[in-house]
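Asks: 3D, please:
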Amino acid sequence: MNRHTPIGTAMQRSVDEITQGRRLRRMRKADWSRRLVQENRLTVDDLIWPVFAIEGENRRESIAAMPGVERLSPDLLAREAERAARLGIPALAIFPNVDMSLRDETGSNILVADNLINRATRAIKDAVPEIGVITDVALDPFTSHGHDGILRDGIIVNDETVAQIAAAAVLQAEAGADVIAPSDMMDGRIGAIRDALDAAGHQDVAIMSYATKFASAFYGPYREAIGTGGLLKGDKKTYYIDPANTDEAVRETEQDLAEGADMIMVKPGLPYLDIVHRLKATFAVPTFAYQVSGEYAMIEAASANGWLDGERAMMESLLAFKRAGCDGILTYFAPRVAELLQR
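Replies: Next comes the predicted model:
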């Protein structure tokens, strides 16, 4: 630049020299061009809707920590399944709030063929046979202590728990479950469930493993939803993964796939997108994440207080799962998102 060159011109030339004519903003200037180059998209096919079951008929209960989410009796869940089908949502995941009188130290009610989760499954499949139903065989909704396994002398016993959840998986398959999704994090459970399902003639029932379920603070509202919030004795750190560990998550996933898992899940979701990305890149199998109750509650609370645009935050958070490599997301926002996508 000489003393006769205008400062603005010199600055512009400097920017041009640095970018060498490349202007990445060109493709951001209009809606049509932004849509044309969008790398990741969220569709209704990416959504799994977690729902909560309670006993009775024509019953619904609000969940204080999860605004907009309700516990529903099996007949009302069937109506919601019809709504989900109209919206194009591929599958529902059912979680029961079992009556306290039916809970005990071993979670024995999970072995009752006509228990709440199995009746809810039958009601949904009778109403909408074509919709997918995903069920969990963890014992926490069924135990009096709120743990995911059988408690003996202060210890969650692994092998006895695995035998029980494998038997429960067969009952859930017989009730119509299309996918068994064990969230208990017991060692060897995937192989035991696969063997039990195959022996009972349910070779076509898939397994979605909660391969990496972390000992997270984000589960609180869910525990209210299934009625275990005040029951838990101790914590679940002896069987859930330490939030600090990533290599351990890879080892857990590798073991579950070797035992016969068809799909893998990361839980929670947004705080663990690095795990989603690593697992998808490492194993290249169908990979899901659970946008858990605490994530949902935070967005809802901030939106209710006017601190952020709830609808935009909802959509942005789900797109982040796709960007990380998810094939699908379990989210309580599913029906709301499906309605937006339809519009």
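
Asks: CA atoms for contacts and neighbours, from now on please.
Replies: Will do.

Asks: all strands of the stretch 201-343 of the chain, in order?
Replies: For the stretch 201-343 of the chain, applying DSSP state E, counting those that start in this stretch gives strands covering 206-213, 263-267, 287-291, 328-331.

Asks: pull the distance from the last one to the chain's centre.
Replies: Centroid displacement of strand 328-331 relative to its chain, using C-alpha atoms, centre = their mean, to the nearest Å, is 5 Å.

Asks: tell me what it is packed against?
Replies: strand 47-53, strand 287-291, helix 310-324 (3 or more C-alpha pairs under 8 Å, 6 or more residues apart in numbering; DSSP states H and E).

Asks: need the contact partners of that strand.
Replies: Contacts to strand 328-331, defined as C-alpha atoms under 8 Å, 6 or more residues apart in numbering, come from residues 45-50, 287-292, 296, 318, 321-322.

Asks: tell me which strands it pairs with, and in which orientation.
Replies: Using DSSP bridges, the strands paired with strand 328-331 are strand 47-53 (parallel), strand 287-291 (parallel).

Asks: will you turn the strands of the stretch 201-343 of the chain into JSON lines that also has distance to residue 281?
Replies: Listed next are these as JSON lines, based on distance: least, C-alpha to C-alpha, whole Å:
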{"stretch": "strand 206-213", "distance to residue 281": "15"}
{"stretch": "strand 263-267", "distance to residue 281": "13"}
{"stretch": "strand 287-291", "distance to residue 281": "10"}
{"stretch": "strand 328-331", "distance to residue 281": "16"}
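
Asks: export these to CSV and tack on mean pLDDT, distance to residue 223 and mean neighbour count?
Replies: Below are these laid out as CSV (pLDDT from 0 to 100; distance: least, C-alpha to C-alpha, whole Å; neighbours: other C-alpha atoms under 10 Å):
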stretch, mean pLDDT, distance to residue 223, mean neighbour count
strand 206-213, 97, 15, 26
strand 263-267, 98, 15, 25
strand 287-291, 98, 15, 25
strand 328-331, 98, 16, 24
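
Asks: of those strands, which is nearest residue 67?
Replies: With C-alpha to C-alpha as the measure, strand 328-331 is the member of the strands of the stretch 201-343 of the chain nearest residue 67 (13.7 Å).

Asks: may I see the buried residues of stretch 90-109?
Replies: By 16 or more other C-alpha atoms under 10 Å, the buried positions in stretch 90-109 come out as 90-98, 103, 105-109.

Asks: and which of those is nearest residue 181?
Replies: Using C-alpha to C-alpha, residue 93 is the member of those that sits closest to residue 181, with 8.9 Å.

Asks: so what strands line up beside the helix or strand where that closest one lies?
Replies: In the assignment (DSSP states H and E), residue 93 maps to strand 91-96. Strand 91-96 sits in its sheet next to strand 47-53 (parallel), strand 132-135 (parallel), going by DSSP bridges.

Asks: got CSV for the ones you listed, with mean pLDDT and distance to residue 203 too?
Replies: Output for these, formatted as CSV (pLDDT from 0 to 100; distance: least, C-alpha to C-alpha, whole Å):
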stretch, mean pLDDT, distance to residue 203
strand 47-53, 98, 23
strand 132-135, 98, 16
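
Asks: and the ones you listed as CSV, adding mean neighbour count and distance to residue 145?
Replies: Formatted as CSV, those follow (neighbours: other C-alpha atoms under 10 Å; distance: least, C-alpha to C-alpha, whole Å):
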stretch, mean neighbour count, distance to residue 145
strand 47-53, 24, 20
strand 132-135, 25, 21
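
Asks: among those, which is nearest residue 327?
Replies: Across the strands paired with strand 91-96, residue 327 has its closest neighbour in strand 47-53 (9.2 Å, C-alpha to C-alpha).

Asks: contact partners of the closest one?
Replies: Under the criterion C-alpha under 8 Å, 6+ apart, residues 70-74, 77, 89-97, 116-117, 120, 225-226, 328-335 lie in contact with strand 47-53.

Asks: recalculate using a threshold of 6 Å.
Replies: The contact list for strand 47-53, computed with C-alpha atoms under 6 Å, 6 or more residues apart in numbering, reads 71-73, 91-97, 328-332, 334.

Asks: and for stretch 177-193?
Replies: For stretch 177-193, the surrounding residues in contact (C-alpha under 6 Å, 6+ apart) are 133-138, 148, 158, 162, 166, 205-210, 239, 256, 259.

Asks: how about stretch 318-326?
Replies: Here stretch 318-326 makes contact (C-alpha under 6 Å, 6+ apart) with 42, 273, 277, 287-288.

Asks: let me know the closest of those to residue 143.
Replies: residue 288 (26.9 Å).

Asks: skip the chain neighbours and tell me the closest residue to the residue most central in space within the chain.
Replies: Geometric centre of the chain, nearest residue: residue 290, 2.3 Å, by C-alpha atoms, centre = their mean. Nearest residue to residue 290, sequence neighbours excluded (C-alpha to C-alpha, 6 or more residues apart in numbering): residue 330, at 4.6 Å.
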